[in-house]
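[1] heads up, no residue letters with this:
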């Protein structure tokens, strides 16, 4: 859920390559949600689950992150100037090779053995805690779950652990 000045929006994935959007007027929330419509469509392996949408602090820009499934879990990113508008992939944050957050652009701290290849079911640390979902681009952190890549077995028994990614701008 995220709100603009007039509407409450519910965004979700169907584990089918579709990212859905439904909305209602704020004064009608939680009732009156519209029928879901597809906001973004892709292959199931590239647009899977764990989506979340934020407003970038001080702008009229929204950021959506969606977890991809394969070859390991990672996040892709899209932006829009309206919650009911079209979503555009963020350059260099939209693929396995160049993800928003994934093993191909995550560096573990010196002395820490990489303990996961999966960046999964994340949540950005927000600038507040209300329905506007404000994200400060100068303080980007992603709380996520990962697991030992050697682990296997039934999904619900996999040994997931929490990790925290922090944007490092020292190389830019």
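    Ah, there it is. Just so you know, these numbers come straight off a predicted model, no measurement behind them.

[2] contacts, neighbours, all on C-alpha from now
    Fine.

[3] okay, which residue is most central for the chain?
    The centre of the chain sits closest to residue 65, judged by CA atoms, centre = their mean, with a distance of 2.5 Å.

[4] So that residue belongs to a helix, correct?
    No - going by DSSP: H, G, I helix; E, B strand; the rest coil, the assignment for residue 65 is strand, not a helix.

[5] shouldn't it be in contact with residue 53?
    Yes - in this structure, residue 65 is within contact of residue 53 by CA atoms under 8 Å, at 6.4 Å.

[6] Could you list the low-pLDDT ranges of this structure?
    Residue ranges of the chain with pLDDT under 70: 171-172.

[7] Roughly how far does residue 5 sit from residue 74?
    Distance of residue 5 to residue 74, given as CA to CA, to the nearest Å: 31 Å.

[8] If you could redo that for residue 129, that was the one I meant.
    In terms of CA to CA, residue 129 sits 25 Å off from residue 74.

[9] okay, these two: which has more neighbours?
    residue 74 (31 against 9; other CA atoms under 10 Å).

[10] Touching, the more buried one and residue 102? I think so.
    Yes - the pair residue 74 / residue 102 is scored as a contact, 4.5 Å apart, by CA under 8 Å.

[11] what is in contact with these two at once?
    96, 118-119 (CA atoms under 8 Å, 6 or more residues apart in numbering).

[12] Any idea how many residues pack against the residue nearest to residue 73 when sequence neighbours are not counted?
    Nearest residue to residue 73, sequence neighbours excluded (CA to CA, 6 or more residues apart in numbering): residue 118, at 4.5 Å. For residue 118, the count of nearby residues is 23 (other CA under 10 Å).

[13] Verify the contact between residue 118 and residue 144 for me.
    No - Residue 118 lies out of contact with residue 144 (CA under 8 Å); the separation is 9.0 Å.

[14] Tally up the residues packed near residue 162, please.
    Counted with other CA under 10 Å, residue 162 comes out at 13.

[15] try the one 5 residues further on
    Using other CA under 10 Å as the criterion, residue 167 is surrounded by 13 other residues.

[16] residues touching the closest residue to it other than its chain neighbours, list them.
    Once flanking residues are discounted, residue 167 sits nearest to residue 140: 5.5 Å by CA to CA, 6+ apart. Contact analysis of residue 140 by CA under 8 Å, 6+ apart lists 124-125, 166-167.

[17] List buried residues within these.
    Among the contacts of residue 140, those classed as buried by 16 or more other CA atoms under 10 Å are 124-125.

[18] you'd agree residue 93 is up against residue 79?
    No - the criterion here is CA under 8 Å, and residue 93 misses it with residue 79 at 10.8 Å.
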